[in-house]
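*Asks:* coords below, sequence missing:
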């Protein structure tokens with residue numbers, strides 16, 4: 001397993017890529033006019049796809065533990081339903097779950113716990129995830145949010161005669177860039193394998209695009225554009241500015257970022273990425289895309305097309 005950085009691009013059209021949990025409105029940097037997408041949102045796309053489509057067991061899920069949210073309740077449910085290998089070490093049981101191996105996980109149990117007549121040890125666990133994404137990821141283009149009003153069939157109160165009126169803020173169009181890291185040293189602690197990473201790449205691509213139960217009204221209009229995995233030669237290697245190597249340029253002279261509505265309106269410039277790939281610390285740049293225009297631009301000595 002190589003130390004790597006991830007760049008993932010996807011487009012959004014008239015939707016809410018990542019709403020604020022308190023207001024429901026799209027996260028937005030008013031100074032830069034770029035939308036924001038959290039690492040939590042991206043990890044949820046991945047977890048949902050792995051669970052719904054791949055049939056993987058997931059630690060952080062509403063389905064795990066039959067709705068329980070406390071460590072003891074969830075882990076008791078996992079032991080009773082999924083512990084087919086009859087393990088008694090809580091840390092080892094948690095490492096059986098793919099999202100723990102990828103993103104880490106916490107158990108706040110006491111040192112020991114009993115389920116039925118069996119004693120389980122090592123209950124206080126904290127795994128750091130070998131795969132991490134930036135806390136807030138930005139769009140490559142500036143965006144003007146659009147106010148949208150709609151009515152519902154159902155009333156907000158029982159004595160109301162008409163449905164409620166709601167106001168929603170939509171993103172007309174954006175290209176979101178997700179920046180991530182893979183740490184092979186930390187991967188040893190969670191027993192992360194190459195096969196897990198391959199499943200994650202697939203889940204990132206298809207999960208963000210709406211496969212599985214992540215498909216919802218607020219996420220319609222999302223399409224994955226490009227997945228890049230920049231592999232380093234050594235575990236201690238690092239190149240500055242990986243997340244600044246792709247630039248979006250409007251096609252028409254005088255067109256502003258805020259006027260872009262589709263891929264026909266802009267070009268992605270990979271010249272800085274190609275320069276970065278020449279660095280001696282980088283072994284290769286793997287990529288996956290289903291867009292021919294992008295694929296034709298990613299040529300070079302270290303560029304290698306990958307499969308999902």
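*Replies:* Arrived safely. These numbers were taken from a predicted model, which means no experiment stands behind them.
*Asks:* any low-confidence regions in the protein?
*Replies:* 66-68, 149-166, 212-218 (pLDDT under 70).
*Asks:* How is it divided into domains?
*Replies:* Domain segmentation of the chain under automatic domain parsing yields 4-54+131-305, 71-128.
*Asks:* just so I know, which of the ones you listed lies nearest residue 64?
*Replies:* Smallest distance to residue 64 across these (Cβ to Cβ): 5.9 Å, for domain 71-128. For every residue, glycine as well, the C-beta is placed using N, CA and C.
*Asks:* Ends of the closest one, what's the gap?
*Replies:* For domain 71-128, the first-to-last residue distance is 17 Å (Cα to Cα, to the nearest Å).
*Asks:* Dump the domains of the chain to JSON lines, plus mean neighbour count and distance to residue 63.
*Replies:* Listed next are these as JSON lines, based on neighbours: other Cβ atoms under 10 Å; distance: least, Cβ to Cβ, whole Å:
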{"stretch": "domain 4-54+131-305", "mean neighbour count": "17", "distance to residue 63": "7"}
{"stretch": "domain 71-128", "mean neighbour count": "17", "distance to residue 63": "10"}
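*Asks:* contacting residues for residue 170?
*Replies:* Going by Cβ atoms under 8 Å, 6 or more residues apart in numbering, residue 170 touches 14, 15, 16, 26, 145, 146, 147, 148.
*Asks:* give the contact list for the residue nearest to residue 247 when sequence neighbours are not counted.
*Replies:* Sequence neighbours aside, residue 269 is the residue nearest to residue 247 in space, at 4.2 Å (criterion: Cβ to Cβ, 6 or more residues apart in numbering). By Cβ under 8 Å, 6+ apart, residue 269 lies in contact with 246, 247, 248, 249.
*Asks:* quick revisit: distance to residue 60 added to the domains of the chain, as CSV?
*Replies:* Shown next, in CSV, are the domains of the chain (distance: least, Cβ to Cβ, whole Å):
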stretch, distance to residue 60
domain 4-54+131-305, 6
domain 71-128, 6
